[in-house]
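Trainee: model this:
(2 chains)
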Number of protein chains: 2
Amino acid sequence: MQVIKNYIEQNKARFLDELFALLRFPSISADPKYKDDVLNTAEFVAEKLKEAGADQVEVCTTDGYPIVYGEKIIDSQLPTVLVYGHYDVQPPDPIELWHTPPFEPTLRDGKIYARGACDDKGQFYMHVKAFELMMQTGSLPCNIKFMIEGEEEVGSDNLGKFVAQNHERLKADVVLISDTSMLSMETPSLETGLRGLAYMEVEVQGPNRDLHSGVYGGAVANPATILCQMIASLHDENNHITIPGFYDNVAVLSDAERKALNEAPFDLEAYKEDLGIEDVWGEAGYSTIERTGIRPTLEVNGIWGGYTGPGAKTVLPAKANAKISMRLVPGQDWQRISDLFKAHFEKIAPKSVKVSVVAHHGGAPYVTPVDSVAFKAAHNAIEEAFGKEPVPTRGGGSIPIVALFEEELGIKTVLMGFGLDSDNLHSPNEKYDVFNYFKGIETIPLFYKNFAELSK
Amino acid sequence: MQVIKNYIEQNKARFLDELFALLRFPSISADPKYKDDVLNTAEFVAEKLKEAGADQVEVCTTDGYPIVYGEKIIDSQLPTVLVYGHYDVQPPDPIELWHTPPFEPTLRDGKIYARGACDDKGQFYMHVKAFELMMQTGSLPCNIKFMIEGEEEVGSDNLGKFVAQNHERLKADVVLISDTSMLSMETPSLETGLRGLAYMEVEVQGPNRDLHSGVYGGAVANPATILCQMIASLHDENNHITIPGFYDNVAVLSDAERKALNEAPFDLEAYKEDLGIEDVWGEAGYSTIERTGIRPTLEVNGIWGGYTGPGAKTVLPAKANAKISMRLVPGQDWQRISDLFKAHFEKIAPKSVKVSVVAHHGGAPYVTPVDSVAFKAAHNAIEEAFGKEPVPTRGGGSIPIVALFEEELGIKTVLMGFGLDSDNLHSPNEKYDVFNYFKGIETIPLFYKNFAELSK
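Mentor: Predicted coordinates:
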């Protein structure tokens, strides 16, 4: 333990500098105009893996952005950990709300502000540095493989193919991912599950051109109005989702499981105050923790149509669009849910408009087996580093590829995240605490130690 | 009549050239970045009024864009016509749908394509050229005053003050406006009324920042979803507007009046085909002509919130906005309706969001007295120029200042428009037929002749 702490202490400044260099790449996978930046980020990651001591480092081309691979096989008889992360980031919009530029990482009050600071550059880079630490201090106790992709924020379209084509290369005993959060540094936690995702885009087409709202208003269906009506109809008065079949197969937790979940420390008043809201919202009959953990949801991620500039334009728009995504829980199949959504949305469209629905991407929900060697290794590593047993939680977010790893590689995943819910992921002013960054680098080698020992 | 036709024939090319020059100014009053262009347009209009023979020409400053004034008083004992028009135009968005640039007027198939071609540059400029014609041929039979403003498309905020401060200068017997349309050139028509307008902008604020839709989705009210629900609730299943008190005082037409209105030539199949829609939409119990003519409506003119770029972003947006306008009919007071909307929209907001509502602008509905000298003068002028009696119609659009003229100056307005509903007002590819432009210039002097004679 002291060896770990000493190494971190001696290399702190460099560990931060390198992360800052990584954060300066605007690796926005959703927007084609950043293509070169995304590609340059992959090269940078490969370089850093090599410097840390990885062999067989390769920037593996795909039909989309490349996957960076690297490994260190010290003994084929020892267990192997596959580290997954992603070097791409969400778009920074709305950019005007950032206090400092999203791709000029800034240190303020012990926090690193930058797009990707927590999701996931800051988190996956802890693994690169922990690996360096184990290499330099001669303490790597098992084999390690890195697979860092560049399309997580746009659905990991090409990862499935890569995994399918590289079974042998990716062979491992567990997948280790840091791309989730803890309750707090005072109340460390370990995620036991994640929600799945089905992301859709819809278009409602009314007349074949924008119309004058005086000349045609009241006689021709307004696609913005119709879209609002269709979206409104997707929740009932109890905020249940109305898509037929949506709740089929949703895993129902026992009263005891729900009770345990609700015992996690949670301060509703502080939660509301942090968000600046008068009241929470959600499905009747469930607590806030349950609503984000064990229940599926449907959210409008974006909506647009008609005139959105300054002043007034009396237009009846030709079309209106929305991005709508659903978070799924164990039992729900994301492809089936995508199909159900599409069929339902098309069915409820009135004859006066045309509707098209496209599925962007999706992923299955996941539950980690808490009795596995890897989960215990993570649990004990956190306990040792934080001096406190981690609270088991269910994450509301999605890492669709977790289910893919199980299906393709037959291995489970441990979700050892060090972020915070308040890190503004996908929001302006994303941040990652310097404390968490170093705490992660400190915890990870303990995981390897435990995993190697418990695997014996 | 032959004198008129000859003069037009001899000056056709120049009349078109001058209109094209006027159309080249991007006089978009809604967008501050076009400020200089709007001001330059006013100077151009003043210059052209002088050239046509007007006296006392002045670019009158206001707190917003200037009002261009000019007059020709030939005999204070003769009746006076006040011509109103506007030199500002709607924004050209969505600009990518224009086949030719909106401010490079283009002649195709006998049509002038440009923003403002019909609304209202092409139409008010007919009056400038008809005035020149009467001056040059010595046939001006009464006094004429021009008042051409630059803020019609943003609510004519400063016209009221100008009119109030210039009662003497604007003294006239009738206001003449060409800013509306005819059924077709084969079926000429004359509008007997216009709808009023109340234009609102709403903002629904949820959390104080954009959130990750996985971490918070399902537990925090999504302002885009809530906005959709609120907008959806503004119409009931019969497409009646649900704002309490909205229909109070709406003028109800007699069965005979409704029958007459529905006798206007109208081909529903051709209407649907022109718009590319399978079905019309609107308030139960009313025909399409009634829905746009005698019934009030509520339209979403624009809506936006969350991520609207390419690809997927799993955000729960902090806020969502919409521009919503209502067309009003005789009996409805636009300020009262604005207040009712605001009170209702604030009232239906759930506690989980904050709502703000701003009234952009509005205007009263108007009905023209069909037994007046001026209406008869217009009716007979159209009959003479087109060889056919005009059909009386009720326009769906709004020219809020018509009610203002009556209130401030005590005079009625004649709405002698030469546009077509298919002219794409407020839409991409706005056009005005060359035929209509010259037919207007031909009809206007006949109006003056009739008005002078009938006023005797």
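Trainee: hey, let's count contacts and neighbours off CA atoms from now on
Mentor: OK.
Trainee: isn't A:Asn249 right up against A:Gly331?
Mentor: Yes. A:Asn249 is within contact range of A:Gly331, at 4.9 Å (criterion: Cα atoms under 8 Å).
Trainee: so for those two, which residue has more residues nearby?
Mentor: A:Gly331 (16 against 12; other Cα atoms under 10 Å in any protein chain shown).
Trainee: name the SS class of that one, please.
Mentor: coil (DSSP: H, G, I helix; E, B strand; the rest coil).
Trainee: and it, what is it in contact with?
Mentor: A:249-251, A:365 (Cα atoms under 8 Å, 6 or more residues apart in numbering or on different chains).
Trainee: again, only using 7 Å
Mentor: Residues near A:Gly331 by Cα atoms under 7 Å, 6 or more residues apart in numbering or on different chains: A:249-251.
Trainee: what do you get for A:Arg327?
Mentor: By Cα under 7 Å, 6+ apart, the residues touching A:Arg327 are A:195-198, A:296-298, B:214.
Trainee: what is the burial count for the closest residue to A:Ser27 other than its chain neighbours?
Mentor: Residue nearest to A:Ser27 in three dimensions, not counting chain neighbours: A:Val38, with 4.2 Å by Cα to Cα, 6 or more residues apart in numbering or on different chains. Residue crowding around A:Val38 was assessed by other Cα under 10 Å; the count is 25.
Trainee: wait, isn't A:Val38 in contact with A:Arg24?
Mentor: No. In this structure, A:Val38 is not within contact of A:Arg24 by Cα atoms under 7 Å, at 11.1 Å.
Trainee: thinking again about what came up before, with neighbour count, pLDDT and distance to B:Cys142 added, can I get the contacts of A:Arg327 in TSV?
Mentor: Formatted as TSV, the contacts of A:Arg327 follow (neighbours: other Cα atoms under 10 Å in any protein chain shown; pLDDT from 0 to 100; distance: Cα to Cα, whole Å):
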residue	neighbour count	pLDDT	distance to B:Cys142
A:Arg195	30	90	78
A:Gly196	29	90	77
A:Leu197	32	92	73
A:Ala198	27	95	71
A:Pro296	28	96	74
A:Thr297	26	97	71
A:Leu298	25	98	67
B:Gly214	30	86	72
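Trainee: quick check, nearest of these to A:Glu186?
Mentor: B:Gly214 (23.0 Å; Cα to Cα).
Trainee: please settle this for me: is that closest one part of a strand?
Mentor: No. Counting by three-state DSSP, B:Gly214 is not part of a strand but coil.
Trainee: got the contact list for it?
Mentor: The neighbours of B:Gly214, taking Cα under 7 Å, 6+ apart as the test, are A:327, A:396-398.
Trainee: any chance of those residues in JSON lines, with secondary structure and pLDDT too?
Mentor: Formatted as JSON lines, the contacts of B:Gly214 follow (DSSP: H, G, I helix; E, B strand; the rest coil; pLDDT from 0 to 100):
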{"residue": "A:Arg327", "secondary structure": "strand", "pLDDT": "94"}
{"residue": "A:Gly396", "secondary structure": "coil", "pLDDT": "78"}
{"residue": "A:Gly397", "secondary structure": "coil", "pLDDT": "78"}
{"residue": "A:Ser398", "secondary structure": "coil", "pLDDT": "78"}
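Trainee: just to revisit the earlier point, which of the helices or strands spans the residue nearest to A:Ser27?
Mentor: helix A:35-52 (DSSP states H and E).
Trainee: in the helix or strand following that helix, what counts as buried?
Mentor: Next helix or strand after helix A:35-52 toward the C-terminus (DSSP H and E): strand A:55-60. Residues of strand A:55-60 classed as buried by neighbour count (16 or more other Cα atoms under 10 Å in any protein chain shown): A:57-59.
Trainee: next up, the contacts around A:Phe20.
Mentor: Listed by Cα under 7 Å, 6+ apart, the contact set of A:Phe20 reads A:Pro105.
Trainee: so how far is A:Asp433 from it?
Mentor: Per Cα to Cα, to the nearest Å, A:Phe20 is found 13 Å from A:Asp433.
Trainee: and the helices in the stretch 201-350 of chain A?
Mentor: Using DSSP state H, counting those that start in this stretch, the helices assigned to the stretch 201-350 of chain A run over residues A:223-232, A:255-262, A:268-275, A:288-293, A:334-347.
Trainee: pick out the shakiest of those, pLDDT-wise.
Mentor: Among the helices of the stretch 201-350 of chain A, helix A:255-262 carries the lowest mean pLDDT, a mean of 88.
Trainee: for that helix, packing partners?
Mentor: Contacting helix A:255-262 under the criterion 3 or more Cα pairs under 7 Å, 6 or more residues apart in numbering or on different chains; DSSP states H and E is no other helix or strand.
Trainee: ok, of the contacts of A:Arg327, which one's closest to B:Phe345?
Mentor: Once Cα to Cα is applied, the member of the contacts of A:Arg327 that ends up nearest B:Phe345 is A:Leu298, at 23.9 Å.
Trainee: rewinding a little: adding distance to B:Gly150 and pLDDT, write the contacts of A:Gly331 out as TSV.
Mentor: Output for the contacts of A:Gly331, formatted as TSV (distance: Cα to Cα, whole Å; pLDDT from 0 to 100):
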residue	distance to B:Gly150	pLDDT
A:Asn249	62	93
A:Val250	60	95
A:Ala251	63	88
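Trainee: let me know the closest of the residues you listed to chain B.
Mentor: A:Val250 (15.5 Å; Cα to the nearest Cα).
Trainee: tell me which residues touch that closest one, please.
Mentor: Counted by Cα under 7 Å, 6+ apart, A:Val250 has contacts A:329-332.
Trainee: okay, now the domains of chain A?
Mentor: Listed by automatic domain parsing, the domain ranges of chain A are A:2-194+A:365-455, A:196-250+A:296-363.
Trainee: count of residues packed around the closest residue to chain B within the stretch 1-150 of chain A?
Mentor: The minimum distance from the stretch 1-150 of chain A to chain B, using Cα to the nearest Cα, falls at A:Ala30 (5.2 Å). Residues lying near A:Ala30 (other Cα under 10 Å) number 22.
Trainee: turn the buried residues of strand A:55-60 into CSV, columns for pLDDT and distance to A:Ala264.
Mentor: Formatted as CSV, the buried residues of strand A:55-60 follow (pLDDT from 0 to 100; distance: Cα to Cα, whole Å):
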residue, pLDDT, distance to A:Ala264
A:Val57, 98, 41
A:Glu58, 98, 42
A:Val59, 98, 41
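Trainee: how about JSON lines for those, with distance to B:Gly64 added?
Mentor: JSON lines is the format used below for these (distance: Cα to Cα, whole Å):
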{"residue": "A:Val57", "distance to B:Gly64": "65"}
{"residue": "A:Glu58", "distance to B:Gly64": "63"}
{"residue": "A:Val59", "distance to B:Gly64": "59"}
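Trainee: in a markdown table, list those residues along with distance to chain B.
Mentor: A markdown table is the format used below for the buried residues of strand A:55-60 (distance: Cα to the nearest Cα, whole Å):
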| residue | distance to chain B |
| --- | --- |
| A:Val57 | 30 |
| A:Glu58 | 27 |
| A:Val59 | 24 |
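Trainee: ok, of those, which one's closest to B:Pro94?
Mentor: Nearest to B:Pro94 among those: A:Val59, at 41.1 Å, using Cα to Cα.
Trainee: thought A:Tyr65 was touching the closest one, still the case?
Mentor: No. Look at A:Val59 against A:Tyr65 with Cα under 7 Å: they stay out of range, at 9.7 Å.
Trainee: quick one, strands of the stretch 351-456 of chain A?
Mentor: Assigned by DSSP state E, counting those that start in this stretch, the stretch 351-456 of chain A shows strands spanning A:354-363, A:366-367, A:391-394, A:413-415, A:419-420, A:431-433.
Trainee: of these, which is nearest chain B?
Mentor: Judged by Cα to the nearest Cα, the one of the strands of the stretch 351-456 of chain A that comes nearest to chain B is strand A:354-363, at 7.0 Å.
Trainee: just the buried residues out of the contacts of B:Gly214, in ChimeraX syntax.
Mentor: Here is the ChimeraX command that selects the buried residues among the contacts of B:Gly214 (16+ other Cα under 10 Å):
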select /A:327,396,397,398
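Trainee: no further questions, thank you.
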